Structure formats: structure tokens, C-alpha cells
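Undergrad: The sequence and its predicted three-dimensional model are supplied below.
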Amino acid sequence: MQQRSLGGTPVSALGLGGMPMSIEGRPDEDRSLRTIHAALDAGVTLIDTADAYHRDADEVGHNELLIAKALAHYGADSSGVLVATKGGHLRPGDGSWTLNGRPDYLKEAAKASLKRLGGDAIGLYQFHRPDPEVPYEDSVGALKDLLDEGVIRLAGISNASVHQIRKANEILGGALASVQNQFSPAFRSSEDELRYCGENGIAFLPWSPLGGIKKAGGLGEQFAPFQEVADAHGVSPQQVCLAWELALAPTVIPIPGASRPESIQDSVRAAELELSSDEIALLSRTD
């Protein structure tokens with residue numbers, strides 16, 4: 001598996017997004033564990049989760065516990081896997097999402113995530129989404145405190161603007177490891193953030209890189225150039241999409257979600273797919 005840098009830590013060029021294994025429509029636990037193990041078998045060393053990846057109100061951290069179980073029961077060494085989790089976004093259990101960016105809450109949430117994941121420190125902790133009721137500087141300041149206390153090894157932010165990326169990196173003393181924003185053929189409004197991260201050596205983790213759980217399967221039908229390039233290479237349009245994102249900047253590390261072993265096995269092959277400059281230009285067009 002091709003490697004890329006996340007805060008100075010080498011990780012696989014493609015990660016695994018855990019959300020589909022814990023929210024509405026999730027598979028049974030056995031299939032989820034097999035999906036995570038399939039990712040590890042394929043060389044994935046970055047797994048993304050969040051304490052809010054759960055379905056019911058009484059199961060906060062469902063996905064974190066699932067990942068911890070999968071790693072504990074993996075039949076080989078998993079010590080090199082970087083688990084990235086997030087805090088500050090909540091699910092009351094009625095299908096809605098709420099926000100809490102208060103520093104005291106984020107610190108408590110991070111320590112609860114660490115307890116669920118196990119180990120001495122969280123590999124990467126990300127502020128999930130800005131809370132308009134809390135100054136951004138205060139929320140990111142909590143990440144700085146968690147770094148200083150050794151609760152987390154790396155700090156990142158999610159759903160951030162270029163201004164917020166600059167501000168967060170300043171507060172963290174230049175130690176901002178990653179930015180996780182939505183980016184896909186269907187959602188390109190984070191191109192400025194992707195470009196900024198590429199120019200400044202900050203890992204950019206596109207979430208929903210294939211367009212989202214419900215739309216990923218129809219990517220080739222919705223975006224004809226991706227199907228055209230896929231046909232030329234004899235691969236899936238999903239592979240082409242991820243290979244295109246990897247080609248946009250050396251700091252891009254897509255984290256496609258999966259709930260079936262076959263899905264992540266197909267996705268990781270994108271790391272070995274080489275696209276020509278003409279193909280990249282074709283896929284990058286928005287007209």
C-alpha cells in the first residue's frame with residue numbers, strides 16, 4: 001500500500017471510514033468486523049471514526065468500540081494502525097445532529113473516546129464541526145490542552161474553512177495534523193481547503209469521497225467521465241474517483257466508508273491506479 005504522511009506519521013494512502021457500520025442501516029457486527037479486518041489485510045493503517053457514529057441515544061461511541069474490538073481480535077499485529085476519532089458533534093438518537101464545542105465538553109469527550117479505544121493516547125483527535133455558540137479559538141484551544149496533557153498524539157479539525165485552518169494551526173503552534181472536509185465529484189466546494197492543505201503540508205482527509213453512502217454506487221452513472229475512465233482501465237468508477245482525489249495533492253488521504261469487505265477491497269486498489277494528466281484534467285472539469 002502506498003504511504004502518505006499524517007502529522008509526520010506514515011499511514012496508508014487510503015483509510016477506512018467507519019460511520020456506515022454504526023448508523024442507520026448498519027450491518028450486523030460480524031460483517032462489520034470482517035470489513036475492518038479486510039481493510040487491515042489490504043494494508044490500510046488509518047481508520048476514521050467518531051463518538052457520534054452511533055444510532056441510538058444510549059450507544060454513544062458504538063463505532064469506536066467496534067473498531068477497538070476489531071483491532072483486538074485481528075490475527076496479526078495492528079500496532080501500526082492510526083485510529084482517528086472526533087468530538088463535538090452529537091446524535092441525540094432521533095436522527096438529528098447537534099453541536100457542542102465547549103472546551104470542557106471536548107476534553108471530557110476525548111477522555112471518554114480514549115477509554116473506549118484503549119491505549120495510552122488517541123492517535124488523532126479531530127474537532128468534528130464548528131459550534132457557532134462557542135468561539136472557535138476556545139474549541140481548538142481544548143485540542144492544544146489535550147496534546148499538552150498527552151491524551152492525544154495528533155490534533156485535527158473537520159468541516160473547516162481556510163480561515164479556520166489558519167487559525168487552528170496558529171493556536172496549535174504549527175502542529176495541525178489534518179483537515180477532514182467533505183469532498184467528492186458531487187461536492188467540490190472544499191477545493192480551496194484541499195489546495196491550502198497541499199501547499200502547507202497538512203493532511204486533507206475527504207469524507208464521503210465517493211459522494212455519500214446512498215450515492216456511491218451510482219457514481220459512474222451520475223458522472224460520465226468517471227465511468228469513461230473506469231472502462232478504459234477495466235476498473236470501477238469508484239476506484240477512478242479515489243485515484244483522482246489522490247492525484248490532486250500529495251497530502252490527500254481519502255477515507256471511504258464501507259460496511260462490506262468487498263467495498264473496501266475495491267477502494268484500496270485505487271492507490272495503485274495511475275491516471276494520465278489528460279484523465280485527471282477530464283475528471284477535474286466541472287462543466
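TA: Everything's here; your move.
Undergrad: OK, contacts around residue 23?
TA: 53, 54, 55 (C-beta atoms under 8 Å, 6 or more residues apart in numbering). Where C-beta positions appear, they are placed from N, C-alpha and C, glycine not excepted.
Undergrad: so where's the stretch 151-287 of the chain uncertain?
TA: Under the criterion pLDDT under 70, no range of the stretch 151-287 of the chain is flagged.
Undergrad: Now do the strands in it.
TA: 152-158, 176-180, 203-204 (DSSP state E, counting those that start in this stretch).
Undergrad: Most neighbours among the contacts of residue 23, which one is it?
TA: Within these, most neighbours by other C-beta atoms under 10 Å means residue 53, with 28 neighbours.
Undergrad: Now do the residue lying closest to it once chain neighbours are set aside: how many residues are near it, please.
TA: In this structure, residue 53 finds its nearest non-sequential neighbour in residue 63, 3.6 Å apart by C-beta to C-beta, 6 or more residues apart in numbering. Neighbourhood size, residue 63 [other C-beta under 10 Å]: 29.
Undergrad: Residues contacting the one helix or strand residue 63 maps to, please?
TA: Residue 63 belongs to helix 62-72 when assigned by DSSP states H and E. Outside helix 62-72, the residues that touch it by C-beta under 8 Å, 6+ apart are 18-19, 21-22, 29, 32-33, 36-37, 40, 47, 49-51, 53-55, 78, 81, 83, 85, 113, 116-118.
Undergrad: so for that helix, what's the average pLDDT?
TA: The average pLDDT within helix 62-72 is 97.
Undergrad: Out of the strands of the stretch 151-287 of the chain, flag the one nearest residue 193.
TA: Using C-beta to C-beta as the measure, strand 176-180 is the one of these that comes nearest residue 193, at 6.1 Å.
Undergrad: That closest one vs strand 152-158, what angle?
TA: Computed by axes from the mean of the first three to the mean of the last three C-alpha atoms, to 10 degrees, the angle separating strand 176-180 from strand 152-158 equals 40 degrees.
Undergrad: what packs against strand 176-180?
TA: Applying 3 or more C-beta pairs under 8 Å, 6 or more residues apart in numbering; DSSP states H and E, we find strand 176-180 packed against strand 122-127, strand 152-158, helix 162-171, strand 203-204.
Undergrad: just how off-centre is the first one within its chain?
TA: Once both centres are worked out by C-alpha atoms, centre = their mean, to the nearest Å, strand 122-127 turns out to sit 11 Å from its chain's centre.
Undergrad: Then the second one?
TA: In terms of C-alpha atoms, centre = their mean, the gap separating the centre of strand 152-158 from the centre of its chain is 12 Å.
Undergrad: Given that strand, what are its sheet partners and their directions?
TA: strand 122-127 (parallel), strand 176-180 (parallel) (DSSP bridges).
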